[in-house]
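Enquirer: Sequence and predicted structure are below.
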Amino acid sequence: MSTRLARILTTLFVLATVLLPIYWLVSTSLKSNREITQEGTLYPHVPTLANYVRLFTEKQFGSYLTNSLVVTFVSVAIALVAGAMGAYAIARFRLPLAMEGKVGLFLLTLRIIPPVVILIPVYLLMLSLGLLDTWLGLIVTYTAFNVTFCVWMMESFFREIPVDLEEAAMVDGDSRFGAFRRITLPLAAPGLAATAIFAVLVTFNEFLFALALTATPRAMTMPRGTATLIGRIDTDWASMAAAGVIGALPIVFFALLVQRHLVRGLTMGAVK
Amino acid sequence: MHGAAQARKYRLQGAGLDLALPYLMLAPGLMIVLGVLVYPLWDGLRASTKIYRYGSPVADAGFQNYLRLWSDAQFLNSLWVTVKFVALSVSLEAVLGFALALFCLREFRGIRLLRTVLIVPMVITPVVVAILFRLIYASDAGMLTVLSEAMGGGEVQILGNPLNAFIGLVVLDVWEWTPLMFLILLAGLQSLPHEPFEAARVDGAGAWRVFADLTFPMMRPVLAVAIVLRTIDAFGTFDQVFVLTRGGPGEATRLISIYGYDTAFKFQQTGYAAALFVTIGLVVLALAFSAIRLLRRIDAS
């Protein structure tokens, strides 16, 4: 009986710790700035959606959202295609100088280096290419980050799929690439999904490069746009909270939708 | 005759294409990685040996930028703050995550809800996580102040006080990343073999003995991987600090990434900042590779 009680209490404590900050964010987003700073209420006494309306009418959150969705979708899609092909090449072929073993390690090394290390040169590169403050600049950057990770993750998925299946398809007249596309790729679909989900999360949430590479609502992503609301002397708490909710909603919704794959993708590397 | 030659030609072309296939498949990914990651790395290395004025190189500095780091009190402070932050956050996350994973190993009602809810902190945009905690810590309108005033207390100072701000940042990181630690360790626990535990139960071993003699030693590799992953990640923490404290008050929460960013973009010392970032990169790589070697040794023994 007492272990059961302890279990219930621990569960409640964990739930409260996780959910209380989120409750406070949502509740603040429904208050007016007056109520937030002067009355200090525990819940919105006069709930209002005005903060949300203001985000979209005055603060260009529509463009931030569009930019985020376009940049995330395009860069993840390109990285998945390029990454899947690259991973297949090193999982299945012998290359000169035993490159098939080294490419993975090389990409992993690149992945370990904190992104902030190449921030300045990437900024200078985009400056010289005239890609600052454009979708393309962000897409190119994010695709490169995602490719390292996609290749590294999908190589192991392809290795798990027996070669016999491809050979059978090739005997039946498929080309090597055809066998890859028709047989191996569909079999690796769960792995592809886990990889894609992880890439979407990381890309949608990215802030550092968006901060350096974008400057106007033309290309600013959601996290970057949200950060513009911060740092003024007179903080607009209500807008900030509403921006937090709008920024968090798509990604939380997405994560809960694909929960099973997500957990697999997050834990897989470590437990193996 | 003509037809046969044509067929042979096609076959050869097919063979040629198949020979080139691995390179064709590798090329797109490798090209973008070389262009956008490797070239900038090289460029950063080059920039780190130069002195910049108004965004363009004016003189060669050799290793001067690197040497200057070690007499720069602000750099040394940011390094120290980073080490403290990483050590404290990651060890707290490991302990809490492990405890929670052990707690959730047995199925009980509500566990699915618990697991679902625990996904939320680590998927929310880090910038938004920082906003969450600003709304909690703010001295005029934050949750802590509101709660304290509701109970008759006064304003709670978190972000204005150096020690409190640092602790506040660690709390944020623990809130955000304990769930990841928990998920990795739970998966590890679930993949342990059953037999040793049954044998121990038959022998009448107590819960603590089972943990100290079986669970912990068997979990050590997974635990090590989880800690290494988190440590590498925590070293690069930027977004949350940028939004929560911007490194302040004073230099209390100025992590090395924030200092590097300011050096590059606020103070425009491009070469010096590049040297700083190269140094961070080398430290993290050294850390990662020694961790990998350590893990191999654990695996072998």
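Expert: It's in.

Enquirer: Pull the number of nearby residues for residue 25.
Expert: Picking chain A for this. 24 (other Cβ atoms under 10 Å in any protein chain shown). Quick note: C-beta positions are derived from backbone N, CA and C, even for glycine.

Enquirer: meant chain B actually
Expert: 23.

Enquirer: thought it was touching A:Ile90?
Expert: No. Taking contacts as Cβ atoms under 8 Å, B:Met25 lies outside contact range of A:Ile90: 9.0 Å.

Enquirer: any idea how far the residue nearest the centre of chain B is from B:Val284?
Expert: Centroid check for chain B by Cα atoms, centre = their mean gives B:Asp233 as the closest residue, at 1.0 Å. Taking Cβ to Cβ, to the nearest Å as the measure, B:Asp233 and B:Val284 are separated by 10 Å.

Enquirer: In the chain, where is pLDDT below threshold?
Expert: In the absence of a named chain, this looks at chain A. A:1, A:231-234, A:265-272 (pLDDT under 70).

Enquirer: You answered for a different chain; I wanted chain B.
Expert: Looking at chain B by pLDDT under 70, you get B:1-18, B:54-55, B:107-108, B:298-301.

Enquirer: just the helices in it please.
Expert: B:2-33, B:39-47, B:64-69, B:73-103, B:111-123, B:126-137, B:143-150, B:162-190, B:195-202, B:207-210, B:216-235, B:239-244, B:256-261, B:270-300 (DSSP state H).

Enquirer: now the stretch 1-150 of chain A
Expert: Using DSSP state H, counting those that start in this stretch, the helices of the stretch 1-150 of chain A run over residues A:2-29, A:33-34, A:50-58, A:61-92, A:99-112, A:119-129, A:135-160.

Enquirer: B:Phe103: what's its closest spatial neighbour, skipping adjacent residues?
Expert: A:Thr10 (6.1 Å; Cβ to Cβ, 6 or more residues apart in numbering or on different chains).

Enquirer: Nearest residue to B:Gln190 in space, please, no chain neighbours.
Expert: B:Leu105 (7.3 Å).

Enquirer: How many neighbouring residues does residue 103 have?
Expert: Reading this off chain A. Neighbours of A:Val103 using other Cβ under 10 Å come to 22.

Enquirer: Sorry, I should have been clearer: chain B.
Expert: 18.

Enquirer: surely it meets A:Ile8?
Expert: No. Assessed by Cβ under 8 Å, B:Phe103 is found out of contact with A:Ile8, at 11.7 Å.

Enquirer: ok, and does stretch A:230-250 reach over to chain B?
Expert: Yes. Judged by Cβ under 8 Å from any Cβ of the partner chain, stretch A:230-250 and chain B are in contact via A:230-231, A:235, A:237, A:240-241, A:243-244, A:247-248.

Enquirer: which one of the residues you listed has the most neighbours?
Expert: Result: A:Ala243 is most packed of these (other Cβ under 10 Å), 30 neighbours.

Enquirer: host element of it?
Expert: Assigned by DSSP states H and E, A:Ala243 belongs to helix A:237-257.

Enquirer: can you give me the angle that helix makes with helix A:61-92?
Expert: Put simply, helix A:237-257 runs at 30 degrees to helix A:61-92, going by axes from the mean of the first three to the mean of the last three Cα atoms, to 10 degrees.

Enquirer: about what we covered before: next, find the distance separating the residue nearest to B:Phe103 from A:Thr3.
Expert: 10 Å.

Enquirer: which of those two has more neighbours?
Expert: Comparing A:Thr10 with A:Thr3 by other Cβ under 10 Å, the one with more neighbours is A:Thr10, at 15 against 8.

Enquirer: Is that one in contact with B:Cys104, as I believe?
Expert: No. Contact criterion Cβ under 8 Å: A:Thr10 and B:Cys104 do not qualify, at 9.6 Å.

Enquirer: interface residues of the stretch 201-301 of chain B facing chain A?
Expert: By the rule Cβ under 8 Å from any Cβ, the part of the stretch 201-301 of chain B lying against chain A is B:222, B:225-226, B:229, B:232, B:235-236, B:238-239, B:242-243, B:246, B:257, B:260-261, B:264-265, B:270, B:273-274, B:277-278, B:280-281, B:284-285, B:288.

Enquirer: could you redo the last one with a cut-off of 7 Å?
Expert: The stretch 201-301 of chain B has residues B:222, B:225-226, B:229, B:232, B:235-236, B:238-239, B:243, B:257, B:260, B:264-265, B:270, B:273-274, B:277-278, B:280-281, B:284-285, B:288 near chain A, with proximity defined as Cβ under 7 Å from any Cβ of the partner chain.

Enquirer: who's in contact with stretch B:192-206?
Expert: Stretch B:192-206 is contacted from outside by B:210, B:214, B:218, using Cβ atoms under 7 Å, 6 or more residues apart in numbering or on different chains.

Enquirer: which residues in the stretch 151-272 of chain A form helices?
Expert: Going by DSSP H, counting those that start in this stretch, the stretch 151-272 of chain A shows helices at A:163-171, A:176-179, A:185-187, A:189-205, A:208-213, A:222-228, A:237-257, A:259-271.

Enquirer: Deepest in the core, which of those helices is it.
Expert: Comparing these by mean neighbour count (mean count of other Cβ atoms under 10 Å in any protein chain shown), helix A:222-228 ranks first with a mean of 25.

Enquirer: Need the CA coordinates for that one. CSV is fine.
Expert: The C-alpha trace of helix A:222-228 is given here as CSV (Å, rounded to 0.1, in the frame of the first residue of the first chain):
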residue,chain,number,x,y,z
MET,A,222,9.7,31.0,-35.8
PRO,A,223,12.4,30.8,-33.1
ARG,A,224,14.2,33.7,-34.6
GLY,A,225,11.1,35.8,-34.8
THR,A,226,10.1,34.9,-31.3
ALA,A,227,13.5,36.1,-30.0
THR,A,228,12.9,39.6,-31.6
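
Enquirer: who touches it?
Expert: A:61, A:64-65, A:68, A:205-207, A:210-211, A:214, A:243-244, A:247, B:125, B:127-128, B:243.

Enquirer: Neighbours of B:Ala237, how many?
Expert: For the record, residue B:237 is Thr, not Ala. By other Cβ under 10 Å, the residues close to B:Thr237 number 25.

Enquirer: Identify the residues contacting the closest residue to it other than its chain neighbours.
Expert: Closest residue to B:Thr237 apart from its sequence neighbours, by Cβ to Cβ, 6+ apart: B:Leu255 at 5.9 Å. For B:Leu255, the contacting residues are B:78, B:81-82, B:85, B:237, B:241, by Cβ under 7 Å, 6+ apart.

Enquirer: can you count the residues close to residue 82?
Expert: Looking at chain A here, since you left the chain open. So A:Ala82, with other Cβ under 10 Å, has 25 neighbours.

Enquirer: You answered for a different chain; I wanted chain B.
Expert: Neighbour tally, B:Thr82, other Cβ under 10 Å: 22.

Enquirer: Give me the distance between it and B:Pro162.
Expert: 15 Å.

Enquirer: related to what we said a few turns ago, among the helices of the stretch 151-272 of chain A, which is nearest A:Val117?
Expert: Proximity to A:Val117 (Cβ to Cβ) singles out helix A:208-213 among the helices of the stretch 151-272 of chain A, at 10.9 Å.

Enquirer: Could you confirm whether the closest one reaches chain B?
Expert: Yes. Helix A:208-213 reaches chain B (Cβ under 7 Å from any Cβ) through A:208, A:212.

Enquirer: What is that helix packed up against?
Expert: Under the contact definition 3 or more Cβ pairs under 7 Å, 6 or more residues apart in numbering or on different chains; DSSP states H and E, helix A:208-213 sits against helix A:119-129, helix A:135-160, helix A:222-228.
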